[in-house]
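Colleague: Structure, please.
(one chain, ligands or ions: 1)
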Amino acid sequence: MHFDVVSLFPEMVSGAAGYGVTGKAIEKGLVGLSVWNPRDYAHDRHKTVDDRPYGGGPGMVMKYQPLLDAVNDAKRSQQPDGAKVVYLSPQGRLITQALLQDASTSPRLILIAGRYEGIDERFIEHACDDEWSLGDYVISGGELAALIVIDAISRLIPGVLGDEESAKQDSHADGLLDCPHYTRPERSELGNVPEVLLGGNHAAIRRWRMKQALGRTWVRRPDLLEKRELSAEQDALLKEFRNEVVK
Ligand code: 4HQ
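Modeller: Below you'll find the predicted structure:
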């Protein structure tokens, strides 16, 4: 998988992506990352990348030309076919694990990180295949959104996570929230580790974890359960959880 990010703050993207799981994935050659600065494609004396909005109002709007030239260079730099161009903004489709799962099968993603009030709509219409959103809140630039997309997709690429930390075990991998986790000490002033986790009965542990994941999802994110079919075992475990809660 190759990521291209178009950003006015290229070091912010390459810097942050160099840490941890994404950093290792890039090191191993499992993930490629190129960052393109629209400033390098502005040809006037002041290297202008933004301008005042037509119709008036506060803030500035990113000009389409430096962005378009940056995207075209990005496309030319690798095999251009299969590259999907995505603009990150609050107006986009909500990013979910399913959307990222789907995107992870594409060989190449070109992510557009906007600044200021946003970018000229004609660029979005003409040069972008899709628009994605982190959620219903506003951040100061698309770089953090692009980094989140890169991080979350990298985890899905075979070989990026070790067997131990496999993405199959991630919360949301099966549409549920994660179960609680514990480590030493066994007993403490904050409370004790649930007995079942200390016993080594792996079937019982698996059932307990599934029950906790279902129960928490039911309590905290009932919307996730409505979208999802439960197996007979899961249905029984969730009923057990609900009976214990109302007690
Ligand atoms: N922004 N999900 C405005 C976001 C955002 C989001 C990125 C702020 C684009 C122009 N991006 N710029 N929410 O708030 O992706």
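
Colleague: Tell me which residues of stretch 101-110 come out buried.
Modeller: Across stretch 101-110, burial judged by 16 or more other Cβ atoms under 10 Å covers 103-104, 108-110. Backbone N, C-alpha and C define where each C-beta goes, glycine included.

Colleague: Next secondary structure after the longest helix anywhere in the chain?
Modeller: When the chain is parsed with DSSP state H, its longest helix is helix 202-220. The C-terminal neighbour of helix 202-220 among helices and strands, as given by DSSP states H and E, is helix 222-226.

Colleague: Can you spell out which helices and strands pack onto that next one?
Modeller: Helix 222-226 sits against helix 202-220, with contacts defined as 3 or more Cβ pairs under 8 Å, 6 or more residues apart in numbering; DSSP states H and E.

Colleague: May I see the buried residues of the helix it packs on?
Modeller: Judged by neighbour count using 16+ other Cβ under 10 Å, the buried positions of helix 202-220 are 205, 207-218.

Colleague: Which member of those residues is positioned nearest residue 1?
Modeller: Proximity of the buried residues of helix 202-220 to residue 1, judged by Cβ to Cβ, is greatest for residue 213, which lies at 28.4 Å.

Colleague: what about the strands in this protein?
Modeller: For the chain, the strands defined by DSSP state E cover 2-6, 32-36, 50-51, 61-62, 83-94, 108-112, 130-133, 187-188, 191-192.

Colleague: of those strands, which approaches residue 145 most closely?
Modeller: Taking Cβ to Cβ as the measure, the strands of the chain were each checked against residue 145, and strand 83-94 came out nearest at 3.9 Å.

Colleague: can you give me the helices in the chain?
Modeller: With DSSP H, the ranges of helices along the chain come out as 10-17, 20-27, 64-77, 97-103, 121-127, 143-154, 202-220, 222-226, 232-246.

Colleague: which stretch among these comes nearest the ligand?
Modeller: With Cβ to the nearest ligand atom, the closest approach to the ligand among these belongs to helix 143-154: 3.6 Å.

Colleague: where does the protein dip in pLDDT?
Modeller: For the chain, applying pLDDT under 70 flags the ranges 80, 247.
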